[in-house]
Every structure is written in structure tokens, then in C-alpha cells.
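**Q** coords please:
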Amino acid sequence: MAAPWPSDSSPEALAAHLLGVLWFVSVTPGPWGAAATAVAGGEETLKCEDLKVGQYICKDPKINDATQEPVNCTNYTAHVRCFPAPNITCKDYSGNETHFTGNEIGFLKPISCRNVNGYSYKVAVALSLFLGWLGADRFYLGYPALGLLKFCTVGFCGIGSLIDFILISMQIVGPSDGSSYIIDYYGTRLIRLSITNETLRKTQSYP
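**A** Model prediction:
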């Protein structure tokens with residue numbers, strides 16, 4: 001039954017009556033609550049790969065001892081297993097809606113990896129340091145012409161050997177086939193950063 005409209009038309013009476021109507025609507029179950037429940041129940045379950053940072057944890061990749069890269073590295077991409085936090089419900093990598101306890105795999109996260117072809121960084125640096133004047137480093141990396149030239153000129157009188165040692169140590173000169181050096185996965189690696197039109201450049205702020 002609706003509340004009677006007050007005969008007193010003063011602003012204070014109208015405001016009090018309006019507050020009473022709002023309170024009555026908020027505490028009375030009706031189509032508003034049913035609509036809200038329907039909207040909440042109609043929401044599509046979130047995919048596990050769309051979870052926010054802190055809602056899942058990913059395991060470290062399994063490393064191949066020979067290549068020092070993830071065992072499932074293909075086309076410069078590998079995948080690691082990620083586990084959603086307990087009491088989170090999302091769609092796993094198979095598309096099944098699952099309520100996780102923290103021990104189930106929710107999705108496979110792609111990570112970058114490198115293409116290697118048997119060229120060791122440590123061996124290349126050692127050859128350049130001790131036998132660079134004979135061109136052994138260039139022969140090892142697949143540059144036979146430069147290696148022969150260094151051999152015939154005794155490393156360009158030592159200057160070429162020094163330059164090659166610096167270039168190889170800084171990983172500027174690599175294998176001739178375009179592959180990467182074999183370097184310990186958790187060791188020191190050189191990562192080249194480049195700026196393109198798609199690179200986000202944050203404006204520097206000074207105090």
C-alpha cells in the first residue's frame with residue numbers, strides 16, 4: 001500500500017516524504033533486485049588468461065641443459081604454466097569454467113625465447129681472447145673468409161683481434177647463421193632495445 005501524500009506542502013515535509021519513499025523502495029524486494037540478480041548471473045565468466053597480476057602465479061620454465069632455453073621453445077616463443085589463486089573461478093585453457101584451489105593449471109602464458117644453433121658464447125670469447133690473432137673466433141662463428149684473412153695478417157697486426165674481442169664480448173658479432181649464442185638462461189644476457197613508432201615513451205619529469 002502506497003504511503004499517503006502529505007497535506008502539508010512545505011519543503012521540509014516533501015523532503016521527509018521523499019526520503020521515506022526511497023527507504024521503502026530500497027528495503028522492499030521487487031523487480032529491481034531480480035533485475036540486478038539477472039544481470040549479475042548473465043555475466044560471462046572471465047578467461048583465466050585475462051586475470052590481473054596478483055590473481056595468478058606462473059612457474060619458471062623448464063630449461064634445456066644443451067640450449068639453455070625453455071624446452072618447448074618454438075618460433076621464439078615458449079609457454080609456462082600459470083595457476084590462478086585459490087577461490088577464483090575462470091575459464092581454463094580448455095574453455096572449461098573451473099573453481100580453482102591454487103593447484104590447477106589455469107592457462108599457459110607465452111614468453112619469449114631465442115633461437116640457438118650450438119654456438120657457445122663462452123667458447124667464442126675464449127677463442128677470440130687466446131686465438132683471435134689466428135682467426136679461430138671467426139672460423140668458429142662461421143666467417144671463414146675473415147678467419148683466413150686474420151690468420152694471414154696475424155689478426156691485422158693485433159688491431160683486428162682486439163676489435164673482434166670487443167665486438168664478440170659485447171655480443172655485437174654473433175654466429176653467421178643469425179642464431180643466438182648459448183648463454184646460461186639465468187646468466188648475464190645482452191638485450192637490445194629499439195625505439196619505433198609503437199614504442200611507448202614516457203615523458204621525463206624533473207623535480
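**Q** okay, and the helix or strand of the protein with the least pLDDT?
**A** Comparing helices and strands within the chain by mean pLDDT, DSSP states H and E singles out helix 31-42 as the least confident, with a mean of 40.
**Q** how about the biggest strand by length in the chain: buried residues?
**A** Longest strand in the chain by number of residues, with DSSP state E as the criterion: strand 77-84. With burial defined by 16 or more other Cβ atoms under 10 Å, the residues of strand 77-84 counted as buried are A78, H79, V80, R81, C82, F83, P84. (C-beta placed from N, C-alpha, C; glycine too.)
**Q** can you pull the buried residues of the helix or strand following that strand?
**A** Moving toward the C-terminus from strand 77-84, the next helix or strand (DSSP states H and E) is strand 88-91. Neighbour-count burial for strand 88-91, with 16+ other Cβ under 10 Å as criterion, is recorded at I88, C90, K91.
**Q** what stretches of the chain score poorly on pLDDT?
**A** 1-43, 198-202, 204-207 (pLDDT under 70).
**Q** mind listing the strands in it by residue range?
**A** Under the criterion DSSP E, the chain contains strands at 56-58, 77-84, 88-91, 97-100, 107-112, 116-120, 180-182.
**Q** Looking at these, spot the one closest to L141.
**A** Between L141 and the strands of the chain, the shortest separation by Cβ to Cβ is 6.6 Å, and it involves strand 116-120.
**Q** neighbouring contacts of the closest one?
**A** Around strand 116-120, the neighbours that count as contacts under Cβ atoms under 8 Å, 6 or more residues apart in numbering are T67, Q68, E69, Y140, L141, G174, P175, D177, S179, S180, Y181, I182.
**Q** Turn those into a markdown table, columns for distance to T153 and neighbour count.
**A** As requested, those are arranged in a markdown table below (distance: Cβ to Cβ, whole Å; neighbours: other Cβ atoms under 10 Å):
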| residue | distance to T153 | neighbour count |
| --- | --- | --- |
| T67 | 35 | 18 |
| Q68 | 35 | 21 |
| E69 | 37 | 20 |
| Y140 | 18 | 19 |
| L141 | 18 | 23 |
| G174 | 23 | 17 |
| P175 | 23 | 18 |
| D177 | 25 | 11 |
| S179 | 28 | 15 |
| S180 | 29 | 21 |
| Y181 | 26 | 22 |
| I182 | 30 | 22 |
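**Q** what two of those residues are the furthest from one another?
**A** When these are compared pair by pair using Cβ to Cβ, the farthest-apart members prove to be E69 and Y140, with a separation of 20.2 Å.
**Q** which residue is nearest the middle of this protein?
**A** I111 (5.8 Å; Cα atoms, centre = their mean).
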